[in-house]
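In: Fold the following for me, if possible:
(one chain, ligands or ions: 1)
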Amino acid sequence: MGTRRILVTGFEPFGPHESNPSQEVTLGLEGLHVVADPNGGVGIEIEITPRILTVDRFGAIETAEALYSGEKWDAILHMGLCESCVLPRLEQRAQNCVNMRIPDNGGRMLKDTLVDEKGDIGCWIDLEMWDKNHFSSDYDISFDAGTFVCNETYYHTLHALQSQLHKPIPPPCLFLHIPLAKRFDVKAASQFALECIGAMLGSPQSPVVEVVAALIRDDAGNVLLAQREDDLTWEFPGGKCEKDENWAVAMERELSEELELCVEAIRIIGTWEHFRDNKLLRIHLIACTKPLEQPSIDPEVHRKVMWYDPLKLDDLNWTGRDGEMMEYIAKYNSVPC
Ligand code: PCA
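Out: Prediction:
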């Protein structure tokens, strides 16, 4: 497969901190490494390009702008300091919210501000599926990357990656928050960062099927669900990406084929992995625009559709992990800021 090119970023010091461990870790990782593949014997050769970001608006958009201008990496690992953390923290979601307790290094002091007009964006790695035994340290998985420059950076980068026409899905990108050096030393953090890159690039244990599922809401916030014809379980409408088909294109095609709905795929909410028939289904939940027409049902696929209030979380017979996906929406995908 050749050497994979990885962008690793850290931040300069900010606020009361004279140093930032994410900067030291990033600079120390420059160059070639072989990282372990958690699912296979062979090591993965990588070459790390380190970049130190400023703790301001320019730092927050630097990586996104590099992507828009055509730079490409096989994976991106952003790192930043988390003052209150005891363990490294993997961020599953970037929130569409900036709310600063202290000014950033550019003097901005934003309160309850949206990053843009869209909503939260999820990382398309299902971190719950990582095996903690492959890591030299315990870690936390978080759904709250804060409301400062780290979260803002993650938001812009995920947004840039997911809005480009990768086939079928964009390269992995993760934000790793690391504790203060007195709680978790730089050597341990460097080792941990390399293990994360190994897990991001690792080969899956089974053949992978990329699946897209639509999050479509009506004006009242209800979510469109469809009942499968075969086992009468309820699911987010969608289906498999065809070979080399971009996930947004697949989403729009599936909705048009199954429900005759004309919608636009807007952003990725998150990814849930699920084993079925010896295959690993990677289900990407994608927020779509509201359709102007009512769904018309393809009886080969679905029996009926309904608009479901996620906050009620009524008991339904769910397909695969769709019930968990709905819980996630109820918890994290209501109103921004
Ligand atoms: N941590 C801050 C910004 C830069 C950093 O290293 C944060 O968590 O937002």
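In: thought S203 was touching D37?
Out: Yes: S203 lies in contact with D37 (C-beta atoms under 8 Å); the separation is 5.9 Å. Glycine gets a C-beta too; all of them are placed from N, C-alpha and C.
In: Looking at these two, which is more packed in?
Out: Comparing S203 with D37 by other C-beta atoms under 10 Å, the one with more neighbours is D37, at 16 against 12.
In: Please give me every residue in contact with the more buried one.
Out: By C-beta atoms under 8 Å, 6 or more residues apart in numbering, the residues touching D37 are G43, I44, G198, L201, G202, S203.
In: can you check S142 too?
Out: Counted by C-beta under 8 Å, 6+ apart, S142 has contacts R89, L90, E91, Q92, H177.
In: Just the ones in helices from these, please.
Out: Judged by DSSP state H, helices contain none of those.
In: Mind putting those into TSV with pLDDT?
Out: Shown next, in TSV, are the contacts of S142 (pLDDT from 0 to 100):
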residue	pLDDT
R89	98
L90	98
E91	98
Q92	98
H177	98
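In: Specify which member of those residues is nearest to E65.
Out: For the contacts of S142, the residue nearest E65 by C-beta to C-beta is E91; the value is 20.8 Å.
In: What is the neighbour count of that closest one?
Out: Using other C-beta under 10 Å, E91 has 27 other residues around it.
In: What helix or strand is the residue nearest to N151 when sequence neighbours are not counted located in?
Out: Once flanking residues are discounted, N151 sits nearest to A145: 4.0 Å by C-beta to C-beta, 6 or more residues apart in numbering. Per DSSP states H and E: A145 is located in neither a helix nor a strand.
In: so who does A145 touch?
Out: Residues in contact with A145 (C-beta under 8 Å, 6+ apart) are E91, R93, A94, Q95, N151, Y154, F175, H177.
In: With G202 instead?
Out: Per C-beta under 8 Å, 6+ apart, neighbours of G202: D37, P38, N39, G40, I44.
In: Go ahead and confirm the third one touches G198.
Out: Right, N39. No: here N39 lies out of contact with G198, judged by C-beta under 8 Å, at a distance of 9.7 Å.
In: Show me which of these two is the more surrounded one.
Out: G198 (21 against 14).
In: Name the SS class of that one, please.
Out: Under the three-state scheme (DSSP: H, G, I helix; E, B strand; the rest coil), G198 adopts helix.
In: Next, count neighbours for the residue nearest to it when sequence neighbours are not counted.
Out: Once flanking residues are discounted, G198 sits nearest to V35: 3.7 Å by C-beta to C-beta, 6+ apart. V35 has 22 neighbouring residues, counting by other C-beta under 10 Å.
In: Which residues does V35 form beta bridges with?
Out: On the basis of DSSP bridges, V35 is bridged to I44.
In: That one is in contact with I48, isn't it?
Out: No: judged on C-beta under 8 Å, V35 makes no contact with I48 at a distance of 9.8 Å.
In: any residues in contact with both of those two?
Out: I197.
In: May I ask you to name the longest strand in this protein?
Out: The strand spanning the most residues in the chain, taking DSSP state E as the definition, is strand 265-276.
In: Please write out the alpha-carbon positions of it in PDB.
Out: C-alpha atoms of strand 265-276 as PDB (Å, rounded to 0.1, in the frame of the first residue of the first chain):
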ATOM      1  CA  ALA A 265     -27.200  15.400   1.800                       C
ATOM      2  CA  ILE A 266     -25.800  18.100   4.100                       C
ATOM      3  CA  ARG A 267     -23.500  16.700   6.700                       C
ATOM      4  CA  ILE A 268     -22.400  13.600   8.600                       C
ATOM      5  CA  ILE A 269     -23.900  13.000  12.000                       C
ATOM      6  CA  GLY A 270     -21.800  10.000  12.900                       C
ATOM      7  CA  THR A 271     -21.000   6.400  12.000                       C
ATOM      8  CA  TRP A 272     -22.100   3.200  13.600                       C
ATOM      9  CA  GLU A 273     -20.500  -0.200  12.800                       C
ATOM     10  CA  HIS A 274     -22.600  -3.300  12.800                       C
ATOM     11  CA  PHE A 275     -21.700  -7.000  11.900                       C
ATOM     12  CA  ARG A 276     -24.200  -8.800   9.700                       C
END
